[in-house]
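Asks: After the sequence you'll find the predicted model.
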Amino acid sequence: MARTANRGTNQAVSQTPYNVLRWRLGEYIRLSKEDAQKAKKGDDSNSVINQGRLLDDYYNRHIDEFESAEKYIDDGCTGTDTDREDFQRLLADIYAKKINCVIVKDLSRLSRNYTDAGTLIENLFVQMNVRFISLAESVDSYKNPESVSNIIVPITNVMNDQYCYQTSKKIRQVFDYKKRNGEFIGSYAPYGYIKDPKDKHALLVDEEAAEVVKQIFSMFVSGLTIRAIVNHLNDHGVMCPSLYKQSQGLKFHCPNGQTRPMWSTITVSSMLKNPVYVGDMAQGRKRVKSYKIHKLEPVPEEQWIVVQNTHEPIIDRETFAKAKDLLKRDTRTAPKQKQLYLFSGFLRCADCGRAMSRIASKGLYVYYQCGTYKSLSKKACTMHSIKSTKLEAATLYAIRQQVHLAVNYSAIIA
């Protein structure tokens, strides 16, 4: 016998996992720097105030649906990543169950990264039973669950992503053009310089900081180690570049949130390598991995964009060349040794090419021997030992011979 149909008992069954009476609303507002520039020109459609009004209007018109409302505002933040202060606060509140409904003006406010937007809307919000509302695209995952799966959502996210890519590409082209013309494009002038008040793309010498730069180069070429230079600057209370910028009234944030930053070997080493101090504009020394990943990575020196003689030098080219040559050498010293040894970084074994090791024999005398023989293998090379006193005498003799030849060069040629 055929089964009787259950006439009159069919009821609509909600396919959503939500089980709430009233929502705890999180109004998320984001304004990028580009949006802020547009607002100055009269287009304030994406301003913080305008976004807030639209979200507040929705909240007031549906106030019976909501238990509470909290604003999350990121002003001047890109949407290509999630490293935004209030956005992270919003996520923390979602995980803590303080917020179970998120509303934005449009999808681009939430994220301009296609991958991040999809992960948030299709995964995180679903797993955490968070209602998501986007006013411009009429998306409401509670009242209209199908709106989230509408093809317009991923298409809009892709378009938002591409907009960032094209914008980033255009900005890079403009910046590269300025770099090739020797125009400074950094937010802050290198330590030792200030931006020209009449031309923000030009540099002027900052006499106070320039004296410290000269001191650093002088100490380094005279034989002090970078570590000794760092200790000297910190011990004498010389402000490091980040603190100095703040003392000049610049809104410069210290790296890693340090309250009292100090000189470091990385800072000094970077300064000793920077051609800006001989009057050359060297830019493009670092770059971001992509328009989505804003982490900086170093650029090989041969790929730097260098334009010579664009501004007044602080260091002469001869001193800079000496410092650059010293940086290439292996000039390691003992932990408490401040001064470089006379032959640091210069001696090589004539047979294997490895650096010679300096050995002090019970304070009686100093000698050098092959690094391979000393540290790696007694069979790979021979000792090639020589006392420091003999080496100094031989070197001095060779120098005197070269001086003699130079003095009598004209007579020799004749």
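Replies: Thanks, I have it.

Asks: From here on, just use CA atoms for contacts and neighbour counts.
Replies: OK.

Asks: looking at this protein, which helix or strand does the model trust least?
Replies: Least confident element among the helices and strands of the chain, by mean pLDDT, DSSP states H and E: helix 33-40 (a mean of 66).

Asks: F66 reaches L25, doesn't it?
Replies: Yes. If you go by C-alpha atoms under 8 Å, F66 and L25 touch, sitting 6.7 Å apart.

Asks: So between these two, which is more surrounded?
Replies: Applying other C-alpha atoms under 10 Å to F66 and L25 shows that L25 carries more neighbours, namely 23 against 15.

Asks: circling back to that earlier point, following the least confident helix or strand of the chain in sequence, what is the next regular element?
Replies: Sequence-wise, the next helix or strand downstream of helix 33-40 (DSSP states H and E) is helix 48-61.

Asks: So what touches that following helix?
Replies: 27, 29-31, 44-45, 66, 73, 75, 103-105 (C-alpha atoms under 8 Å, 6 or more residues apart in numbering).

Asks: what mean pLDDT does the helix or strand that comes right after that helix have?
Replies: Heading C-terminal from helix 48-61, the first helix or strand you meet, by DSSP H and E, is strand 66-75. Strand 66-75 shows a mean pLDDT of 94.

Asks: And for strand 66-75, what's in contact with it?
Replies: 22-33, 48, 59, 84-87, 89-90.

Asks: do that again at 7 Å, thanks
Replies: Strand 66-75 is contacted by residues 22-32, 84-87, 90 when judged by C-alpha atoms under 7 Å, 6 or more residues apart in numbering.

Asks: Restricted to helices, list the residues you listed.
Replies: When DSSP state H defines the helices, the subset of the contacts of strand 66-75 inside them is 85-87, 90.

Asks: show me where the stretch 301-414 of the chain has helices.
Replies: Secondary structure of the stretch 301-414 of the chain (DSSP state H, counting those that start in this stretch): helices located at 317-328, 371, 388-407, 409-413.

Asks: where in this structure is pLDDT low?
Replies: Residues of the chain meeting the criterion pLDDT under 70: 1-20, 35-45, 253-260, 330-345, 361-363, 372-380.

Asks: quick one on the thing from earlier: burial-wise, tell me which of the helices of the stretch 301-414 of the chain comes out on top.
Replies: Most buried of the helices of the stretch 301-414 of the chain, by mean neighbour count (mean count of other C-alpha atoms under 10 Å): helix 371, with a mean of 22.

Asks: ok, now how distant is the closest residue to K98 other than its chain neighbours from R53?
Replies: Residue nearest to K98 in three dimensions, not counting chain neighbours: R24, with 7.0 Å by C-alpha to C-alpha, 6 or more residues apart in numbering. Noted for R24: a distance of 18 Å to R53, by C-alpha to C-alpha, to the nearest Å.

Asks: How many neighbouring residues does R131 have?
Replies: Residue crowding around R131 was assessed by other C-alpha under 10 Å; the count is 22.

Asks: That one pairs with what?
Replies: Beta-bridge partners of R131, counted by DSSP bridges, are C101.

Asks: Ends of stretch 289-307, what's the gap?
Replies: With C-alpha to C-alpha as the measure, stretch 289-307 spans 24 Å from end to end.

Asks: Give me the distance from that stretch to the chain's centre.
Replies: Relative to its chain's centre, stretch 289-307 lies at 10 Å (C-alpha atoms, centre = their mean, to the nearest Å).

Asks: cool, and stretch 85-94?
Replies: 23 Å.

Asks: closest to F220 among the ones in helices among the contacts of strand 66-75?
Replies: Checking those against F220 with C-alpha to C-alpha, the nearest one is E85 at 41.5 Å.

Asks: How about the closest one, nearest residue that isn't a chain neighbour?
Replies: Spatially, and ignoring its direct neighbours in sequence, E85 is nearest to D74 (6.8 Å; C-alpha to C-alpha, 6+ apart).

Asks: still on that earlier bit, mind putting the helices of the stretch 301-414 of the chain in TSV, distance to P145 included?
Replies: Shown next, in TSV, are the helices of the stretch 301-414 of the chain (distance: least, C-alpha to C-alpha, whole Å):
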stretch	distance to P145
helix 317-328	63
helix 371	72
helix 388-407	83
helix 409-413	92
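
Asks: What is the burial count for the residue lying closest to E27 once chain neighbours are set aside?
Replies: Using C-alpha to C-alpha, 6+ apart and skipping the chain neighbours, the partner closest in space to E27 is K71 (4.8 Å). Neighbour count for K71, taken as other C-alpha under 10 Å: 15.

Asks: do the same with the one 10 residues further on
Replies: The burial count assigned to D81 is 17, neighbours taken as other C-alpha under 10 Å.

Asks: Check for me that it belongs to a strand.
Replies: No. Using DSSP: H, G, I helix; E, B strand; the rest coil, the assignment for D81 is coil, not a strand.

Asks: name the helices or strands packed onto the longest helix anywhere in the chain?
Replies: In the chain, assigned by DSSP H, the helix with the most residues is helix 152-180. The contact analysis (3 or more C-alpha pairs under 7 Å, 6 or more residues apart in numbering; DSSP states H and E) places helix 152-180 against helix 114-119, strand 305-307.

Asks: Name only those of the contacts of strand 66-75 that count as buried.
Replies: By neighbour count, with 16 or more other C-alpha atoms under 10 Å, these hold 23-32, 84, 86-87, 90 as buried.

Asks: and those as CSV, adding distance to P275?
Replies: Formatted as CSV, these follow (distance: C-alpha to C-alpha, whole Å):
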residue, distance to P275
W23, 59
R24, 56
L25, 54
G26, 50
E27, 48
Y28, 45
I29, 43
R30, 39
L31, 37
S32, 34
R84, 35
D86, 39
F87, 40
L90, 44
